[in-house]
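In: Take a look and give me a structure for this.
(2 chains)
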Amino acid sequence: MLRFALRRLLTFPLLLLVIYTCAVLLLLAAPGTGLEGGEKELPPEVLQQKKIAYNYERMTPDGRIEPVPWWERYFWIWPRRLVWDGDLPAHQYEDWTVVEILRSALPVSLQLGVLALGIAVVLGIGGGCAAVAFRGRWLEHLSVGLCLIGISLPTFVIGAVLLIVFALWLRAVPVGGWGSPTQAILPAVTLALPYAAYIARLTRSALLDAYSEDYIRTARARGVSEFRVLFDHALPNALLPVLSYLGPAAAAIFTGSFVVERIFMIPGMGTHVVESINNRDQTLILATVLVYAVFLASFNLLVDLLYGVIDPRIRVGAQHT
Amino acid sequence: MNGAQPGVWNRFRRHHAAVAGAVLLLLMFAACVISLPWSVHGMRHQQLTQALSPPSRQHPLGTDEVGRSLLWRTLYGGTLSLSLGLLAAGVAVVIGTTYGALAGYVGGRTDEIMMRIVDVLYALPYMLLVMLFTVSIGAWLQKAGVLGGEWARFVVLTLAIGGVSWLNLARVVRGQVLSLREQPFIEAARALGLPTTRIVFRHLLPNLIGPVVVFGTLAVPQAILQESFLSFLGVGVQPPQATWGSLAADGVRLLNPVRFDWWLLVFPCSALSLTLLALNFVGDGLRDAFDVRRER
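Out: Predicted coordinates:
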């Protein structure tokens, strides 16, 4: 277990490097630096100053100005200024450092993501269990039908409908923004629904698989109640595929929140990601890519470890079973 | 051994939801493609005097903010959405099948390395990379003058979405190939001295038709959905090109408490959702039809 965890931990920095390099290559492929300004041309002196401030060019000791090689900028100067000095400025909001932007946006996205993940897990597992517990009755058909709709509707459509019904017609919750618990309900539910639907489907099919196993028949033969057969015997094993889905799902929820943040006007990471990509704000793009990479890699690692804890059969390198 | 498994069609036919989905899909596709000669021009024709008019005899689905008929735009958008979905799924199927089959058939160290690469790719922040890829490569293509501005984005989007959705298929195909390559008929082919590529493409792949078809079908709605997200975020196809996703996104953008132009939201969203639903039904039906183990 420990060796397995250590080995996965060692691939962590490698993974970060791969993702970061991909992003750098994509940035290099596009023309321009994102400093030139959009509609109005910058005076050459200002552009020069900016290029020096963002390490595209630098002053040599004898007063000449020379370009900084791209590999040095992307792989040494910027990472150092981002992580160590913390003073790497964003291209589009010049008065802000990347670290300050991340510090204000990240907690918002995290809260939204965690809330949505919680809702998705509870609704999904609950729905899957309900579908199996009421096999062949209308509740199963309802659950299965809702799942298909949940998978087929894009998030922004669900969000728009919820917004119209609950915020505009019923006036039960605010239209958008962030800060109070009531403002978090709609976006979290919107974000959670597709994943809840998928988890419900997974739970249902895994439960049905488990029901055809011998140990369930044994449990029934021993006179265990149908309720306990479901929750004590079938569910723990059915949770494994759900768990392995949670890693990618958590990752997708955090990145998927771009859309939800846009609908509900939430000042999270999504806004910055989209704007930085559209404005070619290179420093902010690289920083957000790194943040997401760290997230995804940690989630996958966490799920792998949990998997080993829950299912003794795949406890890698375990001393006892 | 022949690729076409007996009874697949019969099992599929008994799956009523899947058949209904297939029929709906065919109708939708036919409507979009047949109307293409008119919708190509109709989707660009602006009548500012009739901007944002609700559905009427003249404009059955209403008009958008610059007075373009939503009927033509929805039909045209459907053509783009469906073709993007099919092309992206095609890209994914080609990459995934080849990659998985090679890894599984060659085996050993190569297999190990190829599958570790898939593991690494699994952990990439896709939405982000696809957005970055679309914008960067799109700008590059446009500057290089390889493709016109409007189409550069479409091609890049297709490649980007297809290029990130082959991972699952590669894993499934590899697993199947691992068990198939030990079978006597492959051994016979090898004993005959056939070259590896011929064994893989002539003898192995026809037996994988089931999982490939199922994953290919389910990749289409995924691709359409992803494109709609990107369009919503403003990184999708370039206006005045339209897809269902970008039309729905426009509808959401024009949403306000004062006036509710419902047709802008309802029609593209219904077309999109119905198609996705139909595709998912067909995919599920195919899965059940090919998967003998879970036959009802």
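
In: Show me what the lengthiest helix in chain B is packed up against.
Out: For chain B, the helix that runs over the most residues, judged by DSSP state H, is helix B:70-106. Judged by 3 or more Cβ pairs under 8 Å, 6 or more residues apart in numbering or on different chains; DSSP states H and E, helix B:70-106 is in contact with helix B:16-34, helix B:36-42, helix B:108-122, helix B:149-164, helix B:167-180, helix B:209-232, helix B:244-253, helix B:262-290. Yep, even glycine has a C-beta here, placed from its N, CA and C like the rest.

In: Including mean pLDDT, could those helices go into JSON lines?
Out: Formatted as JSON lines, these follow (pLDDT from 0 to 100):
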{"stretch": "helix B:16-34", "mean pLDDT": "88"}
{"stretch": "helix B:36-42", "mean pLDDT": "77"}
{"stretch": "helix B:108-122", "mean pLDDT": "83"}
{"stretch": "helix B:149-164", "mean pLDDT": "83"}
{"stretch": "helix B:167-180", "mean pLDDT": "86"}
{"stretch": "helix B:209-232", "mean pLDDT": "87"}
{"stretch": "helix B:244-253", "mean pLDDT": "84"}
{"stretch": "helix B:262-290", "mean pLDDT": "85"}
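
In: Nearest to chain A, out of these?
Out: helix B:262-290 (3.9 Å; Cβ to the nearest Cβ).

In: coming back round to it: mind listing what's buried in the longest helix of chain B?
Out: B:70-93, B:95-105 (16 or more other Cβ atoms under 10 Å in any protein chain shown).

In: that older thread, looking at the helices and strands packed on helix B:70-106, which one is packed in the most?
Out: Among those, ranked by average contacts under mean count of other Cβ atoms under 10 Å in any protein chain shown, first place goes to helix B:244-253 (a mean of 25).

In: What separation do you get for the spatially most central residue of chain A and chain B?
Out: Centroid-nearest residue in chain A, with Cα atoms, centre = their mean: residue A:254, separated by 2.2 Å. Note on residue A:254: its distance to chain B, by Cβ to the nearest Cβ, to the nearest Å, is 8 Å.

In: re the thing from before, for residue A:262, which of the helices and strands packed on helix B:70-106 is the nearest?
Out: Closest approach to residue A:262 among the helices and strands packed on helix B:70-106 (Cβ to Cβ): helix B:209-232, 7.1 Å.

In: What is that closest one packed up against?
Out: helix A:155-162, helix A:235-263, helix B:70-106, helix B:126-144, helix B:149-164, helix B:167-180, helix B:244-253, helix B:262-290.

In: is the first one up against chain B anywhere?
Out: Yes - contact between helix A:155-162 and chain B, assessed by Cβ under 8 Å from any Cβ of the partner chain, occurs at A:155, A:156, A:157, A:159, A:160.

In: For the fourth one, grab the count of nearby residues.
Out: Neighbouring residues of residue A:159 were enumerated by other Cβ atoms under 10 Å in any protein chain shown; the total is 24.

In: and residue A:177, which of the three is it?
Out: At residue A:177 the chain is in coil, as set by DSSP: H, G, I helix; E, B strand; the rest coil.

In: and the gap between the closest residue to it other than its chain neighbours and residue A:303?
Out: Leaving aside its sequence neighbours, residue A:177 sits nearest to residue A:183 (Cβ to Cβ, 6 or more residues apart in numbering or on different chains; 5.4 Å). Distance, residue A:183 to residue A:303, by Cβ to Cβ, to the nearest Å: 30 Å.

In: go on, residue A:118?
Out: 16 Å.

In: neighbour-wise, which of those two wins?
Out: Set side by side, residue A:118 and residue A:303 show more neighbours around residue A:303, with 19 against 12, by other Cβ under 10 Å.

In: Might one say that that one is in contact with residue A:242?
Out: No - counting by Cβ atoms under 8 Å, residue A:303 stays clear of residue A:242, with 10.5 Å between them.

In: So which residues on the stretch 101-250 of chain B come close to chain A?
Out: So far as Cβ under 8 Å from any Cβ goes, the stretch 101-250 of chain B lies against chain A at B:120, B:122-129, B:131-133, B:135-137, B:139-140, B:143, B:221, B:225, B:228-229, B:232-235, B:245, B:248-249.

In: which parts of the host helix or strand of the residue nearest to residue A:177 are buried?
Out: For residue A:183, the host element (DSSP states H and E) is helix A:181-211. By neighbour count, with 16+ other Cβ under 10 Å as the criterion, the buried positions of helix A:181-211 are A:183-208, A:210-211.

In: same question, stretch A:121-137
Out: Those would be A:121, A:123, A:124, A:125, A:127, A:128, A:129, A:130, A:131, A:132, for stretch A:121-137 by 16+ other Cβ under 10 Å.

In: That one near chain B anywhere?
Out: No - Stretch A:121-137 stays clear of chain B (Cβ under 8 Å from any Cβ), getting no nearer than 12.7 Å.

In: Return the alpha-carbon coordinates of that stretch using PDB.
Out: Extracted in PDB, the C-alpha atoms of stretch A:121-137 (Å, rounded to 0.1, in the frame of the first residue of the first chain):
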ATOM      1  CA  VAL A 121     -23.100  11.600  -4.700                       C
ATOM      2  CA  VAL A 122     -26.100  11.700  -2.400                       C
ATOM      3  CA  LEU A 123     -28.600  12.100  -5.200                       C
ATOM      4  CA  GLY A 124     -26.900   9.600  -7.500                       C
ATOM      5  CA  ILE A 125     -26.400   6.800  -5.000                       C
ATOM      6  CA  GLY A 126     -29.900   7.500  -3.500                       C
ATOM      7  CA  GLY A 127     -31.500   7.400  -7.000                       C
ATOM      8  CA  GLY A 128     -29.700   4.200  -8.000                       C
ATOM      9  CA  CYS A 129     -30.700   2.500  -4.800                       C
ATOM     10  CA  ALA A 130     -34.300   3.700  -5.200                       C
ATOM     11  CA  ALA A 131     -34.400   2.300  -8.800                       C
ATOM     12  CA  VAL A 132     -33.200  -1.100  -7.600                       C
ATOM     13  CA  ALA A 133     -35.300  -1.200  -4.400                       C
ATOM     14  CA  PHE A 134     -38.400  -0.500  -6.400                       C
ATOM     15  CA  ARG A 135     -37.600  -2.700  -9.400                       C
ATOM     16  CA  GLY A 136     -40.300  -2.900 -12.000                       C
ATOM     17  CA  ARG A 137     -42.400  -0.200 -10.400                       C
END
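
In: average pLDDT across it?
Out: Averaged over stretch A:121-137, pLDDT sits at 87.
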